[in-house]
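Enquirer: I need the structure of the sequence given here:
(chains A and B)
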Amino acid sequence: SAVISQKPSRDICQRGTSLTIQCQVDSQVTMMFWYRQQPGQSLTLIATANQGSEATYESGFVIDKFPISRPNLTFSTLTVSNMSPEDSSIYLCSVAGTGDTEAFFGQGTRLTVV
Amino acid sequence: AQKVTQAQTEISVVEKEDVTLDCVYETRDTTYYLFWYKQPPSGELVFLIRRNSFDEQNEISGRYSWNFQKSTSSFNFTITASQVVDSAVYFCALMNGGSNYKLTFGKGTLLTVNP
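Expert: Here you go, the predicted model:
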């Protein structure tokens, strides 16, 4: 299994600011994803982070709000831009394609926007 | 379209009771994968099991067991002799058989095990 390090683990941010979340994997992986979990809710896929090209966003999510980078096969960042209290959520990095269709998650970033 | 339904929003049991968490899925794919994850209060998502659509064998791992039935599109999870440390939100998820590896999650079941 892949070891995924995500940081920060939590943050409290002022509205209108931006936060960049980092996801580092200990081995090269085919796929990296970013999910959002709003309070008391399930996980929703934000986007697929593509290595060397623009991320693929799911319906309801746009690049201007959630810019994503993936410069190589082991690292990705998600930025939550111009934050509002509605962005308060847990953001989780996920990797897949390490073999045998497994899917693993980082420990999550608990974001509170005030 | 894919869908995962966890009809039980919350379950509360007393320690040492057995508890079953239900999961029903919908997919048009013939090849797919089903997952269960545990999310304790700390927030991380802990992988418990993956099962592919061609393997209907039930699986047991310690106090955990999983019952996969394609005929009813269900993938239920049973905890035997529950413990307080089992208290968490449990998510069932579905991945289609293509190469995109995306997961569709159910809404989760909050399990509380009381001493």
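
Enquirer: so which residues on chain B come close to chain A?
Expert: For chain B, the residues found near chain A under the criterion C-beta under 8 Å from any C-beta of the partner chain are B:33, B:35, B:37, B:42-45, B:47, B:50, B:52, B:91, B:93, B:95, B:100-103, B:105-108. All C-beta spots, glycine's among them, are computed from the backbone N, C-alpha and C.

Enquirer: is chain B contacted by the helix or strand of chain A with the lowest mean pLDDT?
Expert: Counting by mean pLDDT, DSSP states H and E, the weakest-scoring helix or strand in chain A turns out to be strand A:103-105, with a mean of 87. Yes: contact of strand A:103-105 with chain B (C-beta under 8 Å from any C-beta) involves A:103-105.

Enquirer: ok, those vs chain B, which is closest?
Expert: residue A:105 (3.9 Å; C-beta to the nearest C-beta).

Enquirer: neighbours of that closest one, how many?
Expert: Number of residues near residue A:105 (other C-beta atoms under 10 Å in any protein chain shown) recorded here: 23.

Enquirer: other residues contacting the least confident helix or strand of chain A?
Expert: Contact partners of strand A:103-105, identified using C-beta atoms under 8 Å, 6 or more residues apart in numbering or on different chains, comprise A:1-2, A:4, A:35, A:92-96, A:98, B:35, B:37, B:44-45, B:47, B:50, B:93, B:95, B:101, B:103.

Enquirer: okay, and which of these map to strands?
Expert: The strands, defined by DSSP state E, take in A:4, A:35, A:92-96, B:35, B:37, B:47, B:50, B:93, B:95, B:103 from the contacts of strand A:103-105.

Enquirer: avg pLDDT for stretch A:106-114?
Expert: Per-residue pLDDT values over stretch A:106-114 give a mean of 95.

Enquirer: just the CA trace of it, in CSV.
Expert: Taking C-alpha atoms only, stretch A:106-114 is exported to CSV below (Å, rounded to 0.1, in the frame of the first residue of the first chain):
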residue,chain,number,x,y,z
GLY,A,106,-4.4,10.7,3.1
GLN,A,107,-5.3,11.7,6.6
GLY,A,108,-7.2,14.7,5.4
THR,A,109,-7.1,18.4,5.9
ARG,A,110,-9.7,19.8,8.2
LEU,A,111,-10.4,23.3,7.0
THR,A,112,-12.4,25.9,8.9
VAL,A,113,-13.2,29.2,7.3
VAL,A,114,-14.2,32.1,9.6
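
Enquirer: that one close to chain B?
Expert: Yes: using C-beta under 8 Å from any C-beta, stretch A:106-114 comes into contact with chain B via A:106-108, A:110.
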